[in-house]
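>>> return a 3D structure for these sequence lines:
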Amino acid sequence: DERALKASVAVNSRVAERYPFLVEEVTRRGWEIVGHGVDMGRLHYGGQPVEEERGLVQQALATLRKISGQRVTGWLSPASSESMNTLDLVAAEGVRYVCDWVMDDLPVSVRTSSGAIHAMPHAWETSDLQLVLNYRHDAGEFARQVCDYFDVIYREAARCGGRVMALSLRPWVMGVPHRIQALERILDHVTRHAGVWSATGAEIVEAFRGQP
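Predicted coordinates for the structure are as follows:
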């Protein structure tokens with residue numbers, strides 16, 4: 001709020017049903033709800049019956065759309081786990097981009113049986129889960145690495161056009177007192193550069209699709 005930044009927030013439908021206040025706060029701020037399945041106990045997986053998976057996709061999206069009032073056009077599978085049918089199924093329900101793959105710094109168009117959707121950049125290199133919990137880097141190292149990552153793609157953008165830095169955060173990782181200042185340093189570093197656009201995933205895809 002202090003920096004007028006937007007976020008895309010992955011929410012599963014069980015959380016939305018149990019804590020509608022959280023969804024209301026996301027919507028009130030002009031942030032985006034991203035579909036995150038039904039719950040973490042119902043993963044999408046290879047060999048899953050297609051009608052079973054279709055039901056999970058439809059249940060998750062219908063619930064999130066009803067509670068949030070948003071179109072919900074982004075998708076992050078629980079545990080980033082897909083079957084060979086997942087992209088076809090979510091595209092058929094109006095999803096326009098997915099965050100399941102560890103992508104670089106531009107969206108990539110993917111063909112499905114219901115038309116093209118986009119794989120959205122979702123780098124582990126700027127994920128608090130990956131760097132802080134899995135690699136055991138401290139908050140200062142996390143901040144330095146993310147700022148260095150930003151500096152490189154900012155220079156590249158000046159030569160080659162816009163680039164995406166997806167900063168993947170979890171409140172229970174970076175929201176704690178001994179790490180929150182590192183996050184503030186990252187956000188201040190990024191926002192003091194000219195030409196930086198804070199956008200939701202849906203806005204990024206719309207801008208990307210509109211370019212040659």
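>>> ok now the lengthiest helix in the chain, how far from the chain's centre?
Across the chain, the longest stretch assigned as helix under DSSP state H is helix 139-160. Mean-position distance between helix 139-160 and its chain equals 19 Å (CA atoms, centre = their mean, to the nearest Å).
>>> output the contacting helices and strands for it.
Applying 3 or more CB pairs under 8 Å, 6 or more residues apart in numbering; DSSP states H and E, one finds that helix 139-160 contacts helix 177-191. No exception for glycine: its C-beta is placed from N, CA and C like everyone else's.
>>> what angle separates the helix it packs on from helix 139-160?
20 degrees (axes from the mean of the first three to the mean of the last three CA atoms, to 10 degrees).
>>> avg pLDDT for the helix or strand following helix 177-191?
Moving toward the C-terminus from helix 177-191, the next helix or strand (DSSP states H and E) is helix 201-209. Helix 201-209 shows a mean pLDDT of 96.
>>> how much space between the residue of the chain most remote from its centre and S114?
The centre of the chain is farthest from one residue, P49, which by CA atoms, centre = their mean lies 26.4 Å away. Distance of P49 to S114, given as CB to CB, to the nearest Å: 19 Å.
>>> before we move on, what about C160?
31 Å.
>>> of those two, give the one with the bigger neighbour count.
S114 (15 against 11; other CB atoms under 10 Å).
>>> helix, strand or coil for K66?
Classification of K66 using DSSP: H, G, I helix; E, B strand; the rest coil returns helix.
>>> could you report the neighbour count for it?
By other CB under 10 Å, 13 other residues sit near K66.
>>> and if you look at S8?
Using other CB under 10 Å, the number of residues around S8 comes to 21.
>>> could you measure from it over to D188?
Taking CB to CB, one finds S8 at 21 Å from D188.
>>> then E93?
With distances taken as CB to CB, E93 is found 39 Å from D188.
>>> higher neighbour count, these two?
Per other CB under 10 Å, whichever of E93 and D188 has more neighbours is E93, with 18 against 12.
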